[in-house]
Structures are given as C-alpha cells and as structure tokens.
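Novice: fold the following, please.
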Amino acid sequence: LIFFCFSAYVPKTGGAAHCKWAAVLKDLEQIKASKDIDVILYTANTDEDNECQEPVIRCFFLETKVIFEECLIKQCSKTQDVWNIWKNGIASLENNKLNSTTSAKCKECEEYEEKNFSEFIQSFVKVIQKDCK
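Specialist: Predicted coordinates:
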C-alpha cells in the first residue's frame, strides 16, 4: 500500500501531457488567438543547435515578461495566462540553472529578429514541443 501511494508521485515520461512544459503549452494555446496583444518581440530561431536550447527557451520566457507588462498597461483579456507562462517558465528554468552551461556560440536574446506576436507564439510552441521530445 505504501509503495502504491509513492508510485503515484513518480513522474512518467513521453507524450506532451507528461512534458515539464505541459502547463506552459496549455497557456500558450490560450493566448495565441488573443486579439488584444499587439507587440513586437525578439523571436529566437526554432532550429538552433541543441546546446543553445536552454538560452533559446530562456529568451522566449523573458519576452513573455514583455507581453505581461504590455497586458498590464492595456488590460488584456489574457493577462493571467501570460503571467502563468512567465511564472512557470522562470521557475522551471531556475530549477535547471545549476547544471546548464551556455556555449559561446549561442546568441543573446536581443540578437534575434523581432517578430509580431503570432509569429512569436508559433516559434515559442515549436521550441517548447522540441524540448518535450
């Protein structure tokens, strides 16, 4: 019985439902069709080397903070969803920070092209899904 109780808390692998970014993906789906978010954001490439995956994901979450600030000003309908994305992403990235090293060839967030909100969200989803595989 004790084993059964503890086994319920063992994380399972495989599938988007068990991805550490599942909650973020859900919130990205919530905001992607938002008509009241109109921002231009640094958008990392979805095809960066795997060794640059963590800085790319970090860039997307940092830009989410920009969306959140904009939503506070404009009182967007999806402000809470944007906050959830930022909060969940930063918490997860901070937990992984100790064992991550960034290659010198990885770009800084500000070196990426600026794109509109819908292009940003599409790229963000692709990068997150890639990290879930």
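Novice: and the pLDDT at Ser103?
Specialist: pLDDT recorded at Ser103 is 69.
Novice: and the residue lying closest to Ser92 once chain neighbours are set aside, what element?
Specialist: Nearest non-adjacent residue to Ser92, counting by C-beta to C-beta, 6 or more residues apart in numbering: Lys20, 5.9 Å away. C-betas here are computed from N, CA, C, even on glycine. For Lys20, there is no helix or strand it lies in under DSSP states H and E.
Novice: contact partners for Gln122?
Specialist: By C-beta atoms under 8 Å, 6 or more residues apart in numbering, the contact list for Gln122 reads Lys32.
Novice: show me which positions of the host helix or strand of it end up buried.
Specialist: Counting by DSSP H and E, the element that carries Gln122 is helix 117-132. For helix 117-132, the neighbour count (16 or more other C-beta atoms under 10 Å) marks 117, 120-121, 123-125, 127-128, 132 as buried.
Novice: turn these into CSV, including pLDDT.
Specialist: CSV is the format used below for the buried residues of helix 117-132 (pLDDT from 0 to 100):
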residue, pLDDT
Phe117, 95
Phe120, 97
Ile121, 96
Ser123, 96
Phe124, 96
Val125, 95
Val127, 93
Ile128, 92
Cys132, 80
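Novice: and which of those is nearest Cys71?
Specialist: Phe117 (11.0 Å; C-beta to C-beta).
Novice: gap between that closest one and Ser92?
Specialist: Taking C-beta to C-beta, to the nearest Å as the measure, Phe117 falls 23 Å from Ser92.
Novice: swap in Ala104?
Specialist: 24 Å.
Novice: more crowded one of these two?
Specialist: Ser92 (16 against 4; other C-beta atoms under 10 Å).
Novice: run the chain-centre distance for the helix or strand that contains that one.
Specialist: Assigning secondary structure by DSSP H and E places Ser92 in helix 79-96. Taking the mean of its C-alpha atoms, helix 79-96 sits 7 Å from the chain's own mean (C-alpha atoms, centre = their mean, to the nearest Å).
Novice: now the angle between helix 79-96 and the longest helix along the chain, please.
Specialist: Longest helix in the chain by number of residues, with DSSP state H as the criterion: helix 53-74. Counting by axes from the mean of the first three to the mean of the last three C-alpha atoms, to 10 degrees, helix 53-74 lies at 150 degrees to helix 79-96.
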